[in-house]
Every structure is written in C-alpha cells, then in structure tokens.
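> Requesting a structural model of the entry that follows:
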Amino acid sequence: MNLPDKTTWFSEICEEHGSAISFRIRRKLHEEKTPYQHIEIYETTDFGKLMVIDGFVMLTSRDNFLYHEMMSHPALFTHPAPKRVVIIGGGDCGTLREVLKHRDVEHVLQVEIDEQVTRLSEQYFPELCASNKDPRAEFLFGDGIQWMKAADAGSVDVIIVDSTDPIGPAEGLFSEDFYRSCYRALGDTGLIVQQSESPLLHYDSIIQPMHRAMQAAGFSHTHTLPFPQPCYPSGWWSATLGGRQAVDQFRESDAQKRDFNTQYYTAAIHRGALAAPAFFPS
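Model (predicted):
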C-alpha cells in the first residue's frame, strides 16, 4: 500500500468516528494563536486555500459555497420579509456575502468574537469578503451570546448562527439559554438558523438536543436541512431552522425568480432538503 507523505497532507482526524478528512497541501501560508483560537491557512493542490481553526477544517475555496448558501438562502426565503439580519460568528464573511444578495435586506450585523478570522479572510479569501463594504453591513467584534442577551425584543427578523463546533468559545451557542435570548430578540415571524453538524455522525449528540433546546426556548417549529459538504467530517452537513411558525414552507416563487447567482442553492434544492431522511425529527 502506498501511503501519502504526511509532510504534504493536512488531516483532520475524527477519532470518535474512526474517520479523517485530508487535503494535499503545497505550503502553509499563515499561522497564529489569537486570544481565542489557533488559526492556520494553507494552500492546497486541489481545493484552493484552506482555513483551519484549532485543528478543525473551517473552509476551503473550492466548496465553501455549499455551506454559505445553505446557511443563508433557505432561512431568508422562509421568512416572509427579512429586513434585519444578525449573523453570530461567520467571521470569514461568506454568509454575510450571501445574505446581502437579497435586495430587501436592509441591515446585517455580524457579531464575531475573533476579529482576526475576518482580517485573515480579507487577506486570503477576498472573494468571501466582496460585500464587506456594503453600506447595509455592520461589524461588531465581541461575544455573540452577550450581544443577544442585550438585544431589544422583536428587533431582528433572522438570526444566523454561523459558528464553529460546540466546543470552546462556541459551546454556549448551542444552549437553551442562548435560544431563549434569540427567541426574545426575534419578531413574531422571526427565524433562527444554526449549523448543526453532520446528520450521519452527530444526530444523537447535536441535532436531536438542538431541536429539544430550541423547542424548549419557544421555537415550536424546527426543521433540519441536510446538504453535502466535502470538507467536513462524513461529507454531509446540516442547518437547523427554528421559528414560532412553520419553517417547512418557503417563498418558492421568489426563490425561483431570485435576481442573483448561486452555485448550489435553487428552489428545487430547498424543496428537496425539506424532504429529510426518516430518522430526522419532524
């Protein structure tokens, strides 16, 4: 058996599930330890640039569109008239770029705890930051949990929790207390969407508890949308929606007639993602 030279490969090993994701690399472009986390950026041979935080793959140039589009467009086309959006996390700015494609959105606040994620994205992933100077965009570098606790009641239409895995600084973003803060900040038709890890690997440990916590916080309707994501463990990822009203219906006609380009998201993709596997919570 010919094994790859370990010096030319970056691997994220998922010990608890006996698997790994690997990328062949040309060189390391950057490495630093911020007050919050350890960030590395590589140039790969086939997936463009690769960002790694605390040893976990965050994104690659080649496939990030899958994640960013599914974290933004399903929620925005589910809400009847999204104008005020808050992104918790999302420091690479890819989700922000997708949200700002919606002309009716009037204001987007991105609350990212680690400013260096954004500064490094501006340097190494400029395509993701193409909308950072949009006058509708506002940046706040601080604690998203604390910001949400202080947010005015009913002041937000859509909350997008674009966080890392539920460890370290992001752990509190997966709690019932946090969802209660989000519920209070959202209007009657408000929606929350959060990345919810792999349906194959994390159904019992993350997806089910997320549904229970959202529902306990007041989000009576929840639904998980799966989508492919080659750079993450198992290659299968998900986003979970929560709302006071049904989240398994969307403005399909508006999605079909959207006046912006996407690489993955379509009305048909959205509809298909709602037809979830039988083992998903209803």
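
> give me the low-pLDDT residue ranges for the stretch 1-150 of the chain?
Applying pLDDT under 70 to the stretch 1-150 of the chain flags residues 1-7.

> show me where it has strands.
In chain order, the stretch 1-150 of the chain shows strands spanning 9-14, 19-33, 38-44, 49-53, 56-60, 84-89, 107-112, 137-141, with DSSP state E, counting those that start in this stretch as the criterion.

> Direction included, what does the second one pair against?
When pairing is defined by DSSP bridges, strand 19-33 lines up against strand 9-14 (antiparallel), strand 38-44 (antiparallel).

> Of those strands, flag the one that's most buried.
The highest average neighbour count among these, using mean count of other CB atoms under 10 Å, belongs to strand 38-44 at a mean of 18. C-betas here are computed from N, CA, C, even on glycine.

> between the strands of the stretch 1-150 of the chain, which gets nearest to residue 267?
The closest approach between residue 267 and any of the strands of the stretch 1-150 of the chain, judged by CB to CB, belongs to strand 84-89 at 20.4 Å.

> what about residue 226, helix or strand, and which?
According to DSSP states H and E, residue 226 maps onto strand 221-228.

> one step back: can you convert the strands paired with strand 19-33 into a markdown table and add a column each for distance to residue 147?
What follows is the strands paired with strand 19-33, written out as a markdown table (distance: least, CB to CB, whole Å):
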| stretch | distance to residue 147 |
| --- | --- |
| strand 9-14 | 30 |
| strand 38-44 | 22 |
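
> beta partners of the residue nearest to the spatial centre of the chain?
Relative to the mean C-alpha position of the chain, the nearest C-alpha, by CA atoms, centre = their mean, is the one of residue 162, at 3.4 Å. With DSSP bridges as the criterion, residue 162 is bridged to residue 89.

> please renumber so the chain begins at 19
Sure, I'll start counting at 19 from here, so that last one is residue 180.

> I figured it hits residue 107, correct?
Yes - between residue 180 and residue 107 there is a contact under CB atoms under 8 Å: 4.4 Å.

> picking up where we left off before, so which of the strands of the stretch 19-168 of the chain has the densest surroundings on average?
Among the strands of the stretch 19-168 of the chain, the stretch with the highest mean neighbour count (mean count of other CB under 10 Å) is strand 102-107, at a mean of 25.

> what's that strand packed up against?
Strand 102-107 sits against helix 112-117, strand 125-130, helix 162-168, strand 174-180, with contacts defined as 3 or more CB pairs under 8 Å, 6 or more residues apart in numbering; DSSP states H and E.

> For residue 231, find the nearest of the strands of the stretch 19-168 of the chain.
Shortest distance between residue 231 and the strands of the stretch 19-168 of the chain, using CB to CB, is found for strand 102-107: 15.3 Å.

> what's the residue nearest to the centre of the chain in contact with, if anything?
Contacts were defined as CB atoms under 8 Å, 6 or more residues apart in numbering; by that measure residue 180 touches 89, 105, 106, 107, 108, 113, 213.

> now, which of these sits nearest residue 165?
Lowest distance from residue 165 to these (CB to CB) belongs to residue 106, with 7.8 Å.

> hang on, the earlier thing: columns distance to residue 47 on top of the helices and strands packed on strand 102-107, output as TSV?
Below are those laid out as TSV (distance: least, CB to CB, whole Å):
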stretch	distance to residue 47
helix 112-117	18
strand 125-130	21
helix 162-168	27
strand 174-180	23
